[in-house]
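In: the following block contains a protein sequence and its predicted model.
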Amino acid sequence: MKEVTKKSKIDKLLNGVERIGNKVPHPAIIFLGLIVLVVMLSQIFSMMGQNVTYDALNLETGEFEPTTIFVRSLLSAEGLRFILTTPVSNLMSFQALGVTIVAMVGVGFAEEVGLIGAMIRKLVKVVPQRSLTAVLVFLGVLSSIASDAGYLVLIPLGAAAFYKVGRHPLAGLSAAFAGVSAGFGVNIIITPIDGMLTEILNDAVHIINPAYTVNLMANFYFNVISTILIVIVCTIINEKIIEPRLGEYKSQGIIESDENENEEKGLRAASVAFLFVLVGILFLTIPTWGPLRDPETLDLIGNTPFMDSIIALILLLFLVPGIVFGRAIGTVKSSVDIVTPIVKVISNLGGLIFLLLIISQFIAYFNFTNLGTVWAVSSADAIESMNMSSLALLLSFLGLTVILDFVLVGAVPKFAILTPIFVPLLYQLGVAPEVILAAYRVGDSPINVITPLMPYFALIVTFAAKYEKKTGIGTVVSLMLPHALILLVLWIVLFIVFYVVHIPLGPGIFMNLN
């Protein structure tokens, strides 16, 4: 990474973060060390008899029930059986692995035959350079409608787009990553995560008031304003802090194919193929009898076949146009020309697959011990006993969410643990449950971009290493730290303004129950 001549204090801080982060061992070694640490802690706290009692969600009944859990030792007979009998199932149930491989077959093939490069060249001709950062951040926020697709598609495209226009590709990666991950909790439309969080929140509300129901529009106004905030803040951070620090990019031997003389013809053919696939998807989803709708409720968004098929649809939306594009420009002449690029893509993922194997074991062992749940419930109980004001309690809840996000990555698990504790408490103080959901969105998202425990973090490092061969964890953390910290502070300020001024969070949704 190029050193700028005159370093600001921020540059020096971020350079220090990068140096320290890149000196740590390979991520696989780090996670192996974390596994050893979890084994030791599980034994210590198990011997101490550490336990908590809280209202846990019963998946069969859909109700919260008082549950006592103990820290379980990985060195006990049960723990050793778990370690030795579950490595395969731990890996196979690790969603990030399957999602990455399936999606990258389509996306990687499209890149190998030249479609991605052609799309980027077309994009940078249409989008003004001065708007490119904002467009990437905004598309990143919107990508949450397709679950994890933004990680696999938009982030590498962001880096490639910046590279094509002569800007540092890691700045493009940073902008896209900020939108996709730091903005994952909000959107200008209803997303699958809204449905999951709303269901959990309703279960928690019904502990104290069975007649109260939170709807999917509960945070709509707050989400829209938050999206605007994220786009503005992350764009400014990227252009005023990240890009100047990165300096001018010097290519490190990346092989880029030149523009093919038949590229326009190929893009037109690929567009037609894309539309055919899209029409097929619409045929399977729009009619009430569509097979990708929920067979009982006929819902399209939520826990439905359509949402479960997003990754497979992404595969088709890139693979089919990629094949047609390749045929049009002459890079795909036989079935061998289809299989060979896909094999190359999968082989390039070998290092990542090994790392995901280690990460999947760590997450499974950590969940087995109950350490995360015991810590979360104990912290929440301590906050509850402090007799704070409603705003102070909300900010404490938000802060606890931020801290937990370093180790309990994923929006649903933390929310399921915290809501049965905080929702009844704040409800009795006159705070609407929808406010807790808004606070959770603020606390859950920004830290995603700087915690190596985030399932796709290793993939982001891999994307960055394409352009900077010496990229490590420190490189990505130093890129994203300004986004995480500045966005978190300003987002908290926005939340406080909503609360103090009593701005509605959604249609007919106010801060106080009264």
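Out: All right, it came through fine.
In: how is this structure carved up into domains?
Out: 9-250+331-501, 264-330 (automatic domain parsing).
In: what segments of the stretch 1-150 of the chain are helices?
Out: Remark: helices of the stretch 1-150 of the chain, listed N- to C-terminal, are 9-23, 27-47, 77-85, 87-92, 95-112, 115-126, 129-142, 149-152; assignment by DSSP state H, counting those that start in this stretch.
In: of these, which is nearest residue 383?
Out: Across the helices of the stretch 1-150 of the chain, residue 383 has its closest neighbour in helix 27-47 (20.5 Å, Cβ to Cβ). (C-beta placed from N, C-alpha, C; glycine too.)
In: pLDDT weak spots in the stretch 301-450 of the chain?
Out: Scanning the stretch 301-450 of the chain for pLDDT under 70 picks out 301-303.
In: about what we covered before: so which of the helices of the stretch 1-150 of the chain comes closest to residue 360?
Out: Nearest of those to residue 360, taken as Cβ to Cβ: helix 87-92 at 4.8 Å.
In: which parts of that closest one are buried?
Out: For helix 87-92, the neighbour count (16 or more other Cβ atoms under 10 Å) marks 90, 91 as buried.
In: SS state for the residue sitting nearest the centre point of the chain?
Out: Residue closest to the mean C-alpha point of the chain, counted by Cα atoms, centre = their mean, is residue 181 at 4.3 Å. Residue 181 falls in the helix class when you classify it by DSSP: H, G, I helix; E, B strand; the rest coil.
In: ok, it touching residue 454?
Out: Yes. The pair residue 181 / residue 454 is scored as a contact, 7.2 Å apart, by Cβ atoms under 8 Å.
In: contacts only, for residue 230.
Out: Contacts here follow Cβ atoms under 8 Å, 6 or more residues apart in numbering; on that basis residue 230 touches 137, 141, 178, 179, 182, 183, 186, 487, 491.
In: so the fourth one versus residue 157, what's the distance?
Out: Applying Cβ to Cβ, to the nearest Å, one obtains 12 Å for the distance of residue 179 from residue 157.
In: got it, and the third one?
Out: In this structure, residue 178 and residue 157 are 14 Å apart, going by Cβ to Cβ.
In: next: the second one.
Out: Separation of residue 141 from residue 157 (Cβ to Cβ) stands at 15 Å.
In: of the two, give the one with the bigger neighbour count.
Out: Each of residue 141 and residue 157 has its neighbours counted (other Cβ atoms under 10 Å); residue 141 has more, 28 against 23.
In: what about the closest residue to that one other than its chain neighbours, how many residues close to it?
Out: Distances taken as Cβ to Cβ, 6 or more residues apart in numbering put residue 183 closest to residue 141, at 4.0 Å, once the chain neighbours are dropped. Taking other Cβ under 10 Å as the neighbour definition, residue 183 ends up with a count of 33.
In: quick one: residue 501 from residue 493, how far?
Out: According to Cβ to Cβ, residue 501 stands 12 Å off from residue 493.
In: between those two, who's got more neighbours?
Out: Of the pair residue 501 and residue 493, residue 493 is the one with more neighbours under other Cβ under 10 Å, namely 12 against 8.
In: quick one: the more buried one is in a helix?
Out: Yes. With three-state DSSP as the criterion, residue 493 is assigned to a helix.
In: what sits against it?
Out: Under the criterion of Cβ under 8 Å, 6+ apart, residue 493 has no neighbours.
In: how close does it sit to residue 226?
Out: Counting by Cβ to Cβ, the separation of residue 493 from residue 226 is 12 Å.
In: and the helices of the stretch 1-150 of the chain, which is most packed in?
Out: Most buried of the helices of the stretch 1-150 of the chain, by mean neighbour count (mean count of other Cβ atoms under 10 Å): helix 149-152, with a mean of 25.
In: got the CA coordinates for that one in PDB?
Out: Extracted as PDB, the C-alpha positions of helix 149-152 are listed here (Å, rounded to 0.1, in the frame of the first residue of the first chain):
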ATOM      1  CA  ALA A 149     -25.600 -11.800  -2.200                       C
ATOM      2  CA  GLY A 150     -23.900  -8.400  -1.700                       C
ATOM      3  CA  TYR A 151     -20.800 -10.000  -0.100                       C
ATOM      4  CA  LEU A 152     -20.400 -12.400  -3.100                       C
END
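In: contacts for the next helix or strand after that helix?
Out: Beyond helix 149-152 on the C-terminal side, the first helix or strand identified by DSSP states H and E is helix 154-164. Here helix 154-164 makes contact (Cβ under 8 Å, 6+ apart) with 107, 111, 116-117, 119-121, 123-124, 132, 136, 139-140, 143, 168-173, 175-177, 179-180, 249, 254, 256, 460, 463-464, 466-467.
In: now stretch 223-241, how far from the chain's geometric center?
Out: 17 Å (Cα atoms, centre = their mean, to the nearest Å).
In: same thing with stretch 183-191?
Out: For stretch 183-191, the distance to the chain centre is 12 Å (Cα atoms, centre = their mean).
In: what's the burial count for residue 445?
Out: Residues within reach of residue 445, counting by other Cβ under 10 Å, total 27.
In: show me what contacts it?
Out: Shown here is residue 445, whose contacts under the criterion Cβ under 8 Å, 6+ apart are 181, 182, 183, 184, 185, 186.
In: switch to 7 Å and redo it
Out: Listed by Cβ atoms under 7 Å, 6 or more residues apart in numbering, the contact set of residue 445 reads 182, 183, 184, 185.
In: name the helix or strand for the closest residue to residue 213 other than its chain neighbours, please.
Out: Distances taken as Cβ to Cβ, 6+ apart place residue 202 nearest to residue 213, at 6.0 Å, with adjacent residues excluded. Under the criterion DSSP H and E, the helix or strand holding residue 202 is helix 192-205.
In: next SSE after that helix?
Out: helix 220-237.
In: could you say what helices and strands the helix or strand hosting residue 443 packs with?
Out: For residue 443, the element it lies in under DSSP H and E is helix 433-444. Using 3 or more Cβ pairs under 7 Å, 6 or more residues apart in numbering; DSSP states H and E as the contact criterion, the neighbours of helix 433-444 among helices and strands are helix 192-205, helix 390-404, helix 411-428, helix 473-501.
In: what angle sits between the very next helix or strand once past it and helix 95-112?
Out: Tracing the chain C-terminally past helix 433-444 and defining elements by DSSP H and E, one meets helix 457-465 next. Using axes from the mean of the first three to the mean of the last three Cα atoms, to 10 degrees, one finds that helix 457-465 and helix 95-112 are set 20 degrees apart in direction.
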